[in-house]
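> Generate a structure from the sequence data that follows.
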Amino acid sequence: MQYSQTYGFMGSPSGDPTGWHGTTILCVRRGGSVAMAGDGQVSLGQTVIKANARKVRRIGAGGAVLAGFAGATADAFTLLERLESKLERFPNQLERACVELAKDWRTDRYLRRLEAMMAVADRERSFTLTGTGDVLEPDDGLIGIGSGGNYALAAARALITVPDLTAEDIARRALNIAADICVYTNKNVIVETIA
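Numbers count the residues shown, from 1 in each chain. Take a look at the predicted model:
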């Protein structure tokens, strides 16, 4: 999955270096559990605006779905609200809710302008949602999005081979590795898990 080609190096479709940046989201599936981690940095150009933003949330009935977003914050919250309404309409059907959201995102004039990307997961499946109408399920149970997503994804792929690490351990360690490489990622990591 080449997220950087779809959303530019900085996490926005234009790759504009003066726009809002600073998200790394990683989803790791291992041993019957799933962990989603996000860093806390939000940057405007070369300035850190906020260091402890919360970009990973629990949504759906009983918080059964993990969602992380990359891109413009207001756009991401709009998409989170839309996904929650789809989950209410299609309870316990994450794939169906994601496909319905992707259809709307692709065809609705307002939604098409939203500059964000999402990683979502429940107990059984994980998906990446993009503004081009993609609903992608990874082959290896790992998803990385945002400015440091590819670094975190590469680190997670290496760490998944270590037998004693949990999904949460891998997510935390991979995010810290990404923070050492990507200037738009910090080490204020928030992790949500479903076991």
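> so what's E168 closest to, chain neighbours aside?
Once flanking residues are discounted, E168 sits nearest to A35: 4.3 Å by C-beta to C-beta, 6 or more residues apart in numbering. For the C-beta atoms, the positions are set from N, CA and C on the backbone; glycine is no exception.
> Also T185?
Closest to T185 by C-beta to C-beta, 6+ apart is G148, at 3.7 Å.
> Would you confirm that that neighbour contacts I181?
Yes. The pair G148 and I181 qualifies as a contact (C-beta atoms under 8 Å) at a distance of 6.9 Å.
> more neighbours, these two?
G148 (31 against 14; other C-beta atoms under 10 Å).
> In contact with that one, which residues?
T23, T24, D39, L175, A178, A179, I181, C182, Y184, T185 (C-beta atoms under 8 Å, 6 or more residues apart in numbering).
> gap between the two ends of stretch 142-157?
Using C-alpha to C-alpha, to the nearest Å, one end of stretch 142-157 lies 8 Å from the other.
> Now it: average pLDDT?
Stretch 142-157 shows a mean pLDDT of 96.
> Using neighbour counts, pick out the buried residues of the longest helix along the chain.
Counting residues, the longest helix found in the chain (DSSP state H) is helix 73-89. Using 16 or more other C-beta atoms under 10 Å as the test for burial, helix 73-89 gives D75, A76, T78, L79, L80, R82, L83, E84, K86, L87.
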